[in-house]
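K.L.:
Sequence and predicted structure, then a few things I'm wondering about:
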Amino acid sequence: MIVDGHAHLDDPRFDGDRSEVLERAWENYVRAILTVHCDLEPRRAQLTLDLTERYPFVWAAFGLHPHEARRWDETVAHQLAQYWTYARVVAIGETGLDYHYMHSPREVQRTVFAWHIAQAVERALPLVVHTREAHAETLALLREAPVERIPVIIHCYTGDAETVRRYLDLGCYISFSGIVTFDRAVDVQAAARVVPLDRLLVETDSPYLAPVPYRGRRNEPAYVLKVVEAIARLRGMRIGDLKDAVYQNFLRAYPRVCPLREPAPEGGARL
């Protein structure tokens, strides 16, 4: 069994074949997918909830992406609070800091991220963190809160081995994407070697960041196996052992997720 710890199944690039994408994931032994909705577009938010109801191996996270932080207000806060009450919404996020594109001002990003952290601690929900070119401030904000009380997942890790140890010191899980398969991603590969086995997660971040040999195409959950294979090679492990460890880590990181008893994926009309 394998998991895709972070995907965006509501993305429009899946509109033409979403059911087939999920069927391929199941056929490739993906037994849990966390689909992440983080812009609060109403139709896409509802699609995310519908997917979790229709497919027993799909679970959801809701948050406001740092790109969208400029939109945060009390109405958005109320919307998120409502989504977090759904049984199959198992985490808060993705949220965090992104100083690469700067779609939202830094101070606004910090305020919104700190609010998400506080909400995760208050609600005892896992926190999914996006950080790009902002590790120092991300770590500082996490240290200011009692995050040891909740699972914190650093999604799509892009830093080096030295930085990853700082997140590990806070008890974070570290999730690796298709970037780890890229030839030039030597820092990320070094980090993947040093993360303790019980803190390691994998993801696709699909439809983005397709791993080698699919790089340049639309990514999808079935391709998460290529991430596992790459990390297994880096660590000198058997693929099966790594898959089993990641699956157990996913269940610990997201305690609301219930392991499946191998049902077939739900069929029906295309979503």
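P.N.:
Received it, and whenever you're ready, just let me know what you need. Numbers count the residues shown, from 1 in each chain.
K.L.:
What's the first helix or strand after the longest helix seen in the chain?
P.N.:
When the chain is parsed with DSSP state H, its longest helix is helix 106-123. As assigned by DSSP states H and E, the chain's next helix or strand after helix 106-123 is strand 127-132.
K.L.:
Now do stretch 69-88: distance from first to last residue.
P.N.:
Terminal residues of stretch 69-88 are spaced 24 Å apart (C-alpha to C-alpha, to the nearest Å).
K.L.:
can you list contacts of the longest helix of the chain?
P.N.:
Here helix 106-123 makes contact (C-beta atoms under 8 Å, 6 or more residues apart in numbering) with 63-64, 66, 69-70, 72, 77, 80-81, 84, 92-93, 95-99, 104, 125-127, 137-138, 141-142, 144-147, 149-150. In short, each C-beta sits where N, CA and C put it, glycine included.
K.L.:
Mind checking which of these land in strands?
P.N.:
92-93, 95-98, 127 (DSSP state E).
K.L.:
Give the buried subset of those residues as a ChimeraX selection command.
P.N.:
Paste this into ChimeraX to select the buried members of those, with burial taken from 16 or more other C-beta atoms under 10 Å:
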select :92,93,95,96,97,98,127
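K.L.:
want to try CSV for the ones in strands among the contacts of helix 106-123, with pLDDT as columns?
P.N.:
Converted to CSV, these look like this (pLDDT from 0 to 100):
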residue, pLDDT
I92, 98
G93, 97
T95, 98
G96, 98
L97, 98
D98, 96
L127, 98
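K.L.:
SS state for G5?
P.N.:
In three-state terms, and counting by DSSP: H, G, I helix; E, B strand; the rest coil, G5 is strand.
K.L.:
ok so, going back, report the angle between the longest helix of the chain and strand 127-132.
P.N.:
160 degrees (axes from the mean of the first three to the mean of the last three C-alpha atoms, to 10 degrees).
K.L.:
R235 contacts A192, correct?
P.N.:
Yes: R235 is in contact with A192 according to C-beta atoms under 8 Å; the separation is 7.2 Å.
K.L.:
neighbour count winner among these two?
P.N.:
Remark: of R235 and A192, A192 carries more neighbours, 25 against 16, as counted by other C-beta atoms under 10 Å.
K.L.:
about what we covered before: ok, of the ones in strands among the contacts of helix 106-123, which one's closest to D17?
P.N.:
Using C-beta to C-beta, G93 comes nearest to D17 of the ones in strands among the contacts of helix 106-123, at 26.5 Å.
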